[in-house]
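> 3D, please:
(one chain, ligands or ions: 1)
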Amino acid sequence: MDKLTIEGNIPLQGEVVISGAKNAVLPILASSILLDAPLILSNVPELRDVSTMIDVLRHMGAAVAKVNDAEFLIDPRRLNCFEAPYDLVKTMRASIVVLGPLLARYGQARVSLPGGCAIGSRPVDIHLKGLEAMGANIEVNEGYIHANAPKGLRGTHFVCDTVTVTGTANIMMAATLAMGETVIQHAACEPEIVDLAECLNRMGAKIVGAGTPTIIINGVTALSGGKHTVIADRIEAGTFLVAAAITRGKLTLNRVDAKALEAVIAKIQETGVTIESVNDMLIIDATERKTKAVDIKTSPHPGFPTDMQAQFMALNSVSSGVGTIIETIFENRFMHVPELHRMGADIRIDGHTAVCHGVDHLVGAPVMATDLRASASLVLAGLAARGKTMIDRIYHLDRGYEHIEKKLMQVGARIQRHH
Ligand code: UD1
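Numbering: from 1, shown residues only. This is a model prediction of the structure:
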């Protein structure tokens, strides 16, 4: 199993290019199932989750080819198997987003129920309720979701009980080929939903309101192919902002959408660092003073993203003062905390709240990555710590950060992968 070692306490300096967004590219790849012609997708990051989604599409009979650097052609015309098997879904919960497209385009789907997940139970009941409201028959047995809609799906008015990102994506994709109008209320407003809607509209879909809590989709009879470029990964960008802050360095991030990062930028500024936004660049300077700990409450977009919580926990650990972090989205997302303790952090957890008293410095230690963003938090802690940190189980990191150690090395980090 791959491991990372980091020699910490070095201020990062230089430029980083931000990759395409994992959470945008996954549903967009799945949306190719809806199309009658190939999709050419650019700015596709090289991630394990992306290869898993490509494996899922290939398993169904789609042809997927890399045509250029970060550019793929997905041809769905020979799709003939309507199944996402357990072996693939168990490694990536987001594979559930093939359900809506399969049902809408082929009237049937068999998708493995995503299993438990380290950060909480993560049910898919809202995905299923939404598709049922559009006329699908759904049964769950032997660990699989069996869905069919022999007469096609019909438009509906659906209110999501909870804001769900992949649930919104699934229902929105299904609605593009349903008969009549679908209104999704209490929809997720994440920038990745907007990117998916823009891609689908380019292929002939009629979606309005993506990025707001009410999305209206008018079904069409067929979608064509075309080209699309995936948006920048705001969580990767946010992670590099914290990397600069935690090492008291200075970084320029290229190809960033600052608008998608407003809540994160505001919090980083509250820690006392300076951020300047110029076109698609963010320049962060944390060389002046020690950061201050900040209070955070995670919430759906445009609130503070749960996917940045663990990284700010690492930053609070070495900032001055006390910072309280409240996690409202997932029930068990503090697994990085015991690992940060091993490095000398002073954090107390009470239910969904973590209170962190900043310490003077962290000390490198052997630690274990437990999920994607927890891994990022440990890398950040390792970059700031005195001495050597060894992070085990970094396959989590490879699911969502493109060439992370290469990018960090380019800006001065002493980081090494061991196979
Ligand atoms: C997506 C992101 C993930 C991010 C999360 C929250 C992708 C591929 N992943 O995950 O990185 O951390 O949004 O921003 O985009 N819920 C239900 N029933 C459902 C669906 C969700 O109760 O049917 C609950 C979940 O348990 C959770 C909350 O809703 O408490 C939000 O989850 P959701 O937005 O669905 O997360 P994902 O889409 O899986």
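> buried residues in the helix or strand where residue 54 lies?
Following DSSP states H and E, one finds residue 54 within helix 48-59. By 16 or more other Cβ atoms under 10 Å, the buried positions in helix 48-59 come out as 48-50, 52-57. Yep, even glycine has a C-beta here, placed from its N, CA and C like the rest.
> Between those, which sits nearest residue 131?
Distance to residue 131, by Cβ to Cβ, is smallest for residue 56 among those, at 18.1 Å.
> For that closest one, which residues are in contact?
By Cβ atoms under 8 Å, 6 or more residues apart in numbering, the residues touching residue 56 are 30, 84, 88-89, 95, 98.
> In CSV: these, plus distance to residue 301.
Output for these, formatted as CSV (distance: Cβ to Cβ, whole Å):
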residue, distance to residue 301
30, 20
84, 26
88, 28
89, 25
95, 22
98, 23
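> Give me the subset of the residues you listed lying in helices.
Among those, DSSP state H puts 30, 88-89 in helices.
> can you redo the contacts of residue 56 as TSV with pLDDT?
Formatted as TSV, these follow (pLDDT from 0 to 100):
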residue	pLDDT
30	98
84	95
88	90
89	88
95	94
98	98
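> Let me see the ranges of the strands in the stretch 301-419 of the chain.
Ranges of strands within the stretch 301-419 of the chain are 322-326, 346-350, 353-357, 366-368, 388-392, 414-418, based on DSSP state E, counting those that start in this stretch.
> Could you list the paired strands of the fifth one along with their orientation?
Right, strand 388-392. strand 3-7 (antiparallel), strand 366-368 (parallel) (DSSP bridges).
> any idea of the mean pLDDT for the first one?
In this case it means strand 3-7. For strand 3-7, the mean pLDDT works out to 96.
> buried sites along it?
Buried residues in strand 3-7, counted by 16+ other Cβ under 10 Å: 3-7.
> between that strand and strand 414-418, how many degrees?
Following axes from the mean of the first three to the mean of the last three Cα atoms, to 10 degrees, one obtains 160 degrees for the angle between strand 3-7 and strand 414-418.
> Show me what the following helix or strand past strand 3-7 is packed against.
Proceeding N to C from strand 3-7, the next assigned helix or strand is strand 13-17, under DSSP H and E. On a contact count with 3 or more Cβ pairs under 8 Å, 6 or more residues apart in numbering; DSSP states H and E, strand 13-17 meets strand 250-254, helix 404-410.
> Give me whichever of these is most buried.
Among the helices and strands packed on strand 13-17, strand 250-254 has the highest mean neighbour count (mean count of other Cβ atoms under 10 Å), at a mean of 20.
> Give the buried residues for stretch 284-304.
For stretch 284-304, by 16+ other Cβ under 10 Å, it's 284-286, 291-294, 296, 298, 300-301, 303-304.
> Most widely separated two among those?
285 and 300 (30.3 Å).
> So which bits of the stretch 101-250 of the chain are right by the ligand?
Proximity of the stretch 101-250 of the chain to the ligand, by Cβ under 6 Å from any ligand atom, involves residues 120, 122-127, 162, 164-167, 192.
> Narrow those residues to just the buried residues.
122, 124, 126-127, 164-167, 192.
> now the helices: where do they sit in the stretch 51-200 of the chain?
With DSSP state H, counting those that start in this stretch, the ranges of helices along the stretch 51-200 of the chain come out as 86-89, 99-106, 125-133, 165-176, 191-202.
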